[in-house]
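Enquirer: Could you work out the structure for the sequence below:
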Amino acid sequence: MAEKLKITFLGTSDAVPSARRNHTSILLNYGGENILIDCGEGTQRQFRKAGLNPCKVNRLLITHWHGDHVLGMPGLLQTLALSGFQKGLEIHGPKGTKKFSKEMLKSFVFADKYSLSVEEVSGRSGKFIDTEDFYIQAREMKHKVPCNAYCFKEKDKIKIDKEKLGNTSLPHGPLLQELKKGKDVRYRGRKYKAKDFTYEEKGKKVCFVLDTGFDKKIADFVEGADILICESTFSKELEDHAKEHNHLTAEQAGQIAKKAGVKKLVLTHISQRYEAGGFKQILKEAKEEFKNTVMAKDFDSFEIE
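Expert: Okay, the predicted model is just below:
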């Protein structure tokens with residue numbers, strides 16, 4: 001049975017939070033994995049409001065070290081220590097992550113009761129987490145500080161066609177496992193070809209592009225994603241402002257999604273200047289480029305079966 005993949009938005013604002021939108025943080029759940037992408041100020045409280053347990057988090061991916069993406073880390077790390085957290089936490093981020101993590105832990109009395117590993121991930125190194133079921137890749141983005149985008153990719157799997165198998169006398173067990181490996185098998189004097197009884201199930205792909213200037217290469221990195229989660233800080237009328245500060249407009253996010261052939265675009269990291277009625281314009285501009293676009297709100301969730 002395929003694992004369900006779930007994305008929960010704990011914060012969807014930009015550098016300045018609003019009454020309705022917290023700083024950036026996104027939780028990806030896949031089987032026993034709970035991967036937190038960024039940890040803006042107030043993230044641990046957002047966990048509580050969403051009815052989620054922060055002690056299930058086992059990996060933290062930092063896109064970059066601007067405050068609105070990391071200032072929730074001290075509180076989260078301390079709460080884990082005070083909550084019996086024991087399984088350990090992996091922190092991955094761009095160049096400077098080891099230095100900033102060390103300095104952050106010096107800024108308060110950290111109750112160090114669990115293992116904490118920190119790894120710097122080059123945006124040019126490709127896969128940096130590779131398990132039996134999935135891998136995660138990083139790609140360097142255009143920003144004023146070292147910054148990564150991330151793609152989570154479930155590995156493709158060979159499945160048995162049960163309808164075709166039903167017409168045979170093949171028993172369940174080792175022979176079927178060999179077929180799933182793409183190997184032909186023999187049973188009672190007959191040869192069964194793997195290609196005749198199996199099919200490939202494509203793995204799910206979710207990409208996180210947060211804080212970046214426009215770059216045509218982004219589309220190559222997120223190509224074919226089931227869900228592209230993309231910053232869309234500004235409307236197109238502020239394109240020059242977006243370029244100056246290395247951010248995307250909603251229109252540019254839509255263009256990336258269209259070129260990449262993704263299935264769904266989810267907008268996040270929206271400037272608080274649009275809080276008083278400008279959100280519809282942001283969504284409209286993206287949808288004009290890519291129809292299957294939605295705008296995330298705090299506590300929205302999306303699932304892929």
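Enquirer: got a list of what the residue nearest to residue 231 when sequence neighbours are not counted touches?
Expert: Leaving out its chain neighbours, the residue that sits closest to residue 231 by CB to CB, 6 or more residues apart in numbering is residue 269, at 3.7 Å. All C-beta spots, glycine's among them, are computed from the backbone N, C-alpha and C. Each residue near residue 269 by CB atoms under 8 Å, 6 or more residues apart in numbering is listed here: 12, 13, 14, 24, 210, 211, 231, 232, 233.
Enquirer: The first one contacts residue 24, correct?
Expert: It stands for residue 12. Yes: checked against CB atoms under 8 Å, the pair residue 12 and residue 24 is within contact range at 7.2 Å.
Enquirer: Tell me which of these two has more neighbours.
Expert: Taking neighbours as other CB atoms under 10 Å, residue 12 and residue 24 compare with residue 24 leading, 31 against 28.
Enquirer: For the more buried one, grab phi and psi.
Expert: phi -60, psi 130 (degrees, to the nearest 10).
Enquirer: I'd say it and residue 209 touch.
Expert: No: using CB under 8 Å, residue 24 makes no contact with residue 209, being 11.9 Å away.
Enquirer: Following the chain onward from the helix or strand encompassing residue 285, which element is next?
Expert: Following DSSP states H and E, one finds residue 285 within helix 279-289. Under the assignment DSSP H and E, the closest C-terminal helix or strand after helix 279-289 is strand 293-295.
Enquirer: contact partners of that following strand?
Expert: So strand 293-295 is in contact with 253-254, 257, 264-268, 270, 279, 282-283, 286-287, going by CB under 8 Å, 6+ apart.
Enquirer: what about 6 Å?
Expert: Strand 293-295 has contacts (CB atoms under 6 Å, 6 or more residues apart in numbering) with 265, 266, 267, 283, 286, 287.
Enquirer: now these as a markdown table including neighbour count, distance to residue 115 and pLDDT?
Expert: Shown next, in a markdown table, are the contacts of strand 293-295 (neighbours: other CB atoms under 10 Å; distance: CB to CB, whole Å; pLDDT from 0 to 100):
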| residue | neighbour count | distance to residue 115 | pLDDT |
| --- | --- | --- | --- |
| 265 | 28 | 37 | 98 |
| 266 | 26 | 33 | 98 |
| 267 | 27 | 36 | 98 |
| 283 | 19 | 42 | 96 |
| 286 | 31 | 41 | 97 |
| 287 | 18 | 45 | 98 |
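Enquirer: Brilliant, that's me finished.
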